[in-house]
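Asker: I need the structure of the sequence given here:
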Amino acid sequence: MQVFLTENRKLNLSAYRTEEHCWVGNVLDSLALLRAAEVLPFLAGVKRLLDIGTGGGFPLLPLALCLPEVTCVGIDAVCKKADAVRCIVAALGIKNVDLRCVRAEEAGRDKSLRGSFDLVTARAVAALPVLLEYAAPFLKVGGVCAFWKSIRIANELASSFRAQELLGSPYLRTYTYDLGEEWGKRSIVFFRKTRASAETYPRRTGLPKAKPL
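Answerer: Prediction:
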């Protein structure tokens, strides 16, 4: 935790500045995915995980530490953030994490990454239609996206129906959890990829966010 807080003071990786706030708001929030595993058995078979817009390393680093047998890749368009997380990984001696400074749209067309992951995660990155276009091309058929959201997602989920259809990644379920006290309830929204992504996705850099599907 202290390693992260030191890097955070240098670069503003997270709004959580104290050890307690970072523990609950970042670490425990990230690890909620493992509680969801109790109701989503497929998580036990995950071998490769990609975290989009990894920022300060959440949920990437807590998941990598708890799942040492899983190869975890984090991508972020801001190289300073990727470098900071790389420093944290080195300081903690984490062996199963690879950090890359690249935009999701560019990485999604990289043949070494495309269609190669069992699970794609994203936390506080974009709206669901945008996230689906970023994430689906990385997934194997049968793989799953997991997106951290608030519990007020009905409108956002409805706005993602067209993206679900075009990207062959229908809604699977929502897992709701409670961090307690001031933190309250949050959710992780899951989608499962059911067919290969068309070569046209992801669209060129900037277009998914500027003109969501």
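
Asker: hey, let's count contacts and neighbours off CA atoms from now on
Answerer: OK.

Asker: What ranges in the chain fall below the confidence cut-off?
Answerer: Residues of the chain meeting the criterion pLDDT under 70: 1-21, 39.

Asker: element containing the closest residue to Ile75 other than its chain neighbours, please.
Answerer: Nearest in space to Ile75, with sequence neighbours left out and distances taken as CA to CA, 6 or more residues apart in numbering, is Arg100 at 4.9 Å. Applying DSSP states H and E as the criterion places Arg100 in strand 97-101.

Asker: Quick check: phi and psi on the residue lying farthest from the centre of the chain?
Answerer: Going by CA atoms, centre = their mean, the residue of the chain most distant from its centre is Glu181, 25.0 Å out. The phi and psi values for Glu181, taken as degrees, to the nearest 10, are phi 40, psi -120.

Asker: How about Tyr134?
Answerer: phi -60, psi -50.

Asker: mind listing what it touches?
Answerer: The neighbourhood of Tyr134, defined by CA atoms under 8 Å, 6 or more residues apart in numbering, consists of 104-105, 108, 202, 208.

Asker: let's see it at 10 Å
Answerer: Listed by CA atoms under 10 Å, 6 or more residues apart in numbering, the contact set of Tyr134 reads 52, 103-108, 120, 122, 126, 128, 201-203, 208-209.

Asker: strand partners of the strand ranked longest in the chain, parallel vs antiparallel please.
Answerer: The residue-count maximum for a strand in the chain (DSSP state E) belongs to strand 139-149. Strand 139-149 sits in its sheet next to strand 117-123 (parallel), strand 185-192 (antiparallel), going by DSSP bridges.

Asker: Mind putting these into a markdown table with mean neighbour count?
Answerer: Shown next, in a markdown table, are the strands paired with strand 139-149 (neighbours: other CA atoms under 10 Å):
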| stretch | mean neighbour count |
| --- | --- |
| strand 117-123 | 25 |
| strand 185-192 | 20 |
